[in-house]
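Colleague: need coordinates for the below:
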Amino acid sequence: MESDNLRGAAGGRPGGTAAAMPADRLSMRTKRLLWVWGFLAIPVLFYTVIRFYPTFQAFYLSMTNWDLVRPAKFVGFANYVKLFKDPQFWKVFRNTFTYLIIGTPLSLLIAFTVAFFLDRVRFMHNFIRALYFLPYLTTAAAMAWVWRWFYQPPPIGVINDVLALIGIPQQPFIRSTDQALFSIMVTAIWAGLGFQVIIFMAGLRAIPTTFYEAARIDGLGEWAILRKITLPLLKPTTVFLVVFSSIAFLRIFDQVYNMTTNDPGGPLGSTKPLVLMIYQTAFGSYAMGYAAAQTVVLFTILLIVSLLQLWILREKK
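Modeller: Purely as a prediction, here's the structure:
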């Protein structure tokens, strides 16, 4: 009886061993990878559906004529031909790059200057830093309407009231085709200044103080320390902010739309960026295919500008 049980147990063992064999053959590294991808599968799938599918759909819609009512009709590159022949597009293109080329370096220069000197302040340091960061937390629409009130003629507009006190004639600001774009640019720079200051200060705090101590022992002045130590070691932070700020100015919309609500992008289209043109084409004219073509052009510009900046500011080995 006992021998039969032993044989039965022996007979059942190979089957159990065979069932456990595939799992035992997996190395620890393979098991770890399976666990990792098991946890990442849902987020990756979600990101693919949310991000990549709409992107490819936009490329397809850009080659169609669709107005939300009738079925989309494939027209090839007709939307792109129409876009590049449109004088309004080139005016908007110029406005968009004006925001980028002037706004990005100016905002970074101001932010670095504030961060550099604020980093040396010890009295109420956290409170002052919070004050600079506060505009970044403010709703863009509310902020734009406050600045719109600032730019009004006297006696409503605060800025014109101040200019009158020092003997400067009142300025039209957002009612002028020459001043409106730069007036809105000031608002956009002010809105993003707090975030840039905080990031610059984090980069400055990450630089070891021993570098500064060694430089001062060697007799270097403050200007030489700034050029030879601070700016080179701050390069990763600067690269991040250059790309981040460039994308923000290329996609500027809230300030323009809310500060020129009577004539969005006005006066006479002097402040209209590409994102506002896309919005008006899609939800004003319901020309979804044409708006998708504009979106693809904006996507291409963002990609080229970002890659170009990363290449120019790359670490040279």
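
Colleague: could you tell me the phi and psi values at residue 74?
Modeller: Phi and psi for residue 74, reported as degrees, to the nearest 10, are phi -70, psi 130.

Colleague: can you tell me the closest non-neighbouring residue to it?
Modeller: Setting aside the residues directly before and after it, residue 74 is nearest to residue 64 in space (CB to CB, 6 or more residues apart in numbering), at 5.5 Å. To be clear about C-beta, it is placed using only N, CA and C from the backbone, and glycine gets the same treatment.

Colleague: could you do residue 268 as well?
Modeller: Residue 268 sits nearest to residue 177 (CB to CB, 6+ apart), 5.5 Å away.

Colleague: my read: that neighbour touches residue 270, true?
Modeller: Yes - taking contacts as CB atoms under 8 Å, residue 177 lies within contact range of residue 270: 4.3 Å.

Colleague: who's more crowded, those two?
Modeller: Between residue 177 and residue 270, counted using other CB atoms under 10 Å, residue 270 has the larger neighbour count: 19 against 13.

Colleague: so what's the residue count around the closest residue to residue 220 other than its chain neighbours?
Modeller: Spatial nearest neighbour of residue 220, chain neighbours left out: residue 228 (7.1 Å); criterion: CB to CB, 6+ apart. As a burial measure, residue 228 scores 13 neighbours (other CB under 10 Å).

Colleague: check the one 10 residues further on too.
Modeller: Applying the criterion other CB under 10 Å, we find 17 residues in the vicinity of residue 238.

Colleague: which element is encountered next along the chain beyond the longest helix that the chain contains?
Modeller: For the chain, the helix with the greatest residue count under DSSP state H is helix 87-118. Using DSSP states H and E, the helix or strand that directly follows helix 87-118 along the chain is helix 125-137.

Colleague: got the CA positions of that next one in PDB?
Modeller: Extracted C-alpha coordinates of helix 125-137, given in PDB (Å, rounded to 0.1, in the frame of the first residue of the first chain):
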ATOM      1  CA  HIS A 125      13.100  85.700   1.300                       C
ATOM      2  CA  ASN A 126      10.200  83.200   1.100                       C
ATOM      3  CA  PHE A 127       7.600  85.900   1.200                       C
ATOM      4  CA  ILE A 128       9.200  87.800  -1.700                       C
ATOM      5  CA  ARG A 129       9.600  84.600  -3.700                       C
ATOM      6  CA  ALA A 130       5.900  83.800  -3.200                       C
ATOM      7  CA  LEU A 131       4.900  87.300  -4.400                       C
ATOM      8  CA  TYR A 132       6.800  86.700  -7.700                       C
ATOM      9  CA  PHE A 133       5.200  83.300  -8.100                       C
ATOM     10  CA  LEU A 134       1.700  84.500  -7.400                       C
ATOM     11  CA  PRO A 135       0.900  85.800 -10.900                       C
ATOM     12  CA  TYR A 136       1.700  82.400 -12.400                       C
ATOM     13  CA  LEU A 137      -1.000  80.900 -10.200                       C
END
